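Visitor: Sequence isn't available, so here's the structure alone:
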């Protein structure tokens, strides 16, 4: 019974010594071997390794050998003109020197990332602070990322860390700057619209002035042509009358007198008191110069009434139309 107990204790001790002397490094890790706190070896290749049994003498610290990432979100940065951006960015890094990483950062990622956070923040502020408002939204953005990486790389190399890359994920305006930018864009569009309206009004006034001038010219030309045609018509009319008068002057005078009688003695209700010897009644007498038919002989003092009788002065108007 005692032998079995002793054998079991020995077996357990042997297994403990065996397993405590073996450590495995996979392809994503590095191992630092320390004896009494001092680094004695660094294993960077994957495999199975041996050390002094137990962790009292030799201790192994596993270090990441993968590409690691550190993010910064919603960081407010000021640019050269005083405006502000909200920036999301990240960097990727690898532990390139495990010995130095253990000495300077105790081999802890938390300690390293505290240093990375401080330097990353300062680098982004420096890069953005040297540029104008639109630089981060232009072709300068890749150059800004490379510049931020180079600013961090030298300090992180002192910790045994290699900064592989820096990327800016998002660059947005802050709420205040967005409102200001919107107001500026709105003012620019309103100014452009006002300019277009002014140009339109100017063009409209110019076209309206041209149309008014052309209208005046067309009306003036029409009136001129109408006056010319009216004058030509009057001249032709006068020529016809003159020709007709020259062919038979007595008949022409008789015709004109008849036209005057029709106009003066029509159904207008007008009363005229005239002397029978008036020139107006030369064709009413029996001894008329032209015999155009049986005309009534007027007596002296007769009244020609085409309506109500009213007093009138003794006047002899000239034949109408002459």
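Guide: Okay, I see it. What you are looking at is a predicted structure, and each value in this text was computed from that prediction instead of being measured.

Visitor: Residue 116 should be in a helix, yeah?
Guide: Yes - counting by DSSP: H, G, I helix; E, B strand; the rest coil, residue 116 is part of a helix.

Visitor: Isn't it up against residue 93?
Guide: Yes - using CB atoms under 8 Å, residue 116 is in contact with residue 93, at 7.0 Å. (Each C-beta comes from the backbone N, C-alpha and C, glycine too.)

Visitor: Which residues are in contact with each of the two?
Guide: 70, 156, 161 (CB atoms under 8 Å, 6 or more residues apart in numbering).

Visitor: Helix or strand next in line after the helix or strand hosting the first one, which one?
Guide: Looking back up the chat, that one is residue 70. Assigned by DSSP states H and E, residue 70 belongs to strand 68-78. Next along the chain after strand 68-78, taking DSSP H and E as the criterion, comes strand 84-95.

Visitor: host element of the residue positioned nearest the centre of the chain?
Guide: Geometric centre of the chain, nearest residue: residue 189, 5.3 Å, by CA atoms, centre = their mean. For residue 189, the enclosing helix or strand under DSSP H and E is helix 175-247.

Visitor: From the contact counts, what lies against that helix?
Guide: strand 84-95 (3 or more CB pairs under 8 Å, 6 or more residues apart in numbering; DSSP states H and E).

Visitor: So in that sheet, which strands flank the strand holding residue 70, and in what orientation?
Guide: The pairing partners recorded for strand 68-78 under DSSP bridges are strand 84-95 (antiparallel).

Visitor: Give the rounded mean pLDDT of the partner strand.
Guide: Average pLDDT, strand 84-95: 90.

Visitor: from what I can see residue 129 touches residue 82, true?
Guide: No - contact status for residue 129 versus residue 82: not in contact, 10.4 Å apart, counting by CB under 8 Å.

Visitor: between these two, which one's more packed in?
Guide: Shown here are residue 129 and residue 82; by other CB atoms under 10 Å, residue 129 has more neighbours (11 against 8).

Visitor: Just the pLDDT for that one.
Guide: Residue 129 is given a pLDDT of 86.

Visitor: quick one: the helix holding residue 189 to chain centroid distance?
Guide: Distance of helix 175-247 from the chain centroid (CA atoms, centre = their mean, to the nearest Å) equals 32 Å.

Visitor: So what angle separates the directions of it and strand 84-95?
Guide: Here helix 175-247 runs at an angle of 130 degrees relative to strand 84-95 (axes from the mean of the first three to the mean of the last three CA atoms, to 10 degrees).

Visitor: Following helix 175-247 in sequence, what is the next regular element?
Guide: Scanning onward from helix 175-247 (DSSP H and E), the first element met is helix 249-264.

Visitor: Now do residue 65, the pLDDT please.
Guide: pLDDT, residue 65: 87.

Visitor: looking at it, it is touching residue 32, isn't it?
Guide: No - here residue 65 lies out of contact with residue 32, judged by CB under 8 Å, at a distance of 11.7 Å.

Visitor: now residue 159, what's its secondary structure?
Guide: Going by three-state DSSP: residue 159 is coil.

Visitor: list the contacts for residue 207?
Guide: Contacts of residue 207 by CB under 8 Å, 6+ apart: none found.

Visitor: okay, now residue 62: neighbour count?
Guide: Residue 62, neighbours per other CB under 10 Å, totals 17.

Visitor: pretty sure it belongs to a helix, no?
Guide: No - counting by three-state DSSP, one finds residue 62 to be strand, located in no helix.

Visitor: From here on, call the first residue 3.
Guide: Okay, using 3 as the starting number, the last item reads as residue 64.

Visitor: Can you tell me the closest non-neighbouring residue to it?
Guide: residue 31 (5.1 Å; CB to CB, 6 or more residues apart in numbering).

Visitor: in this structure, what spans have low per-residue confidence?
Guide: Under the criterion pLDDT under 70, the flagged ranges of the chain are 3, 179-180, 268-272, 274, 278, 283, 286-324.

Visitor: hmm, back to that, residues contacting the strand holding residue 72, please?
Guide: By CB under 8 Å, 6+ apart, strand 70-80 touches 86-97, 111, 115, 118-119, 122-123, 126-127, 130-131, 176.

Visitor: Restrict those to the buried ones and give me that as a PyMOL selection.
Guide: Selecting only the buried entries of the contacts of strand 70-80 in PyMOL, with 16 or more other CB atoms under 10 Å as the criterion:
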select buried, resi 86+87+88+89+91+93+95+97+111+115+118+122+126+127+130+176
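
Visitor: that older thread, unless I'm mixing things up, the residue nearest to residue 64 is touching residue 63, no?
Guide: No - at 10.3 Å, residue 31 and residue 63 do not qualify as touching, with contact defined as CB under 8 Å.

Visitor: For those two, list the residues in contact with both.
Guide: Joint contacts of residue 31 and residue 63 (CB under 8 Å, 6+ apart) do not exist.
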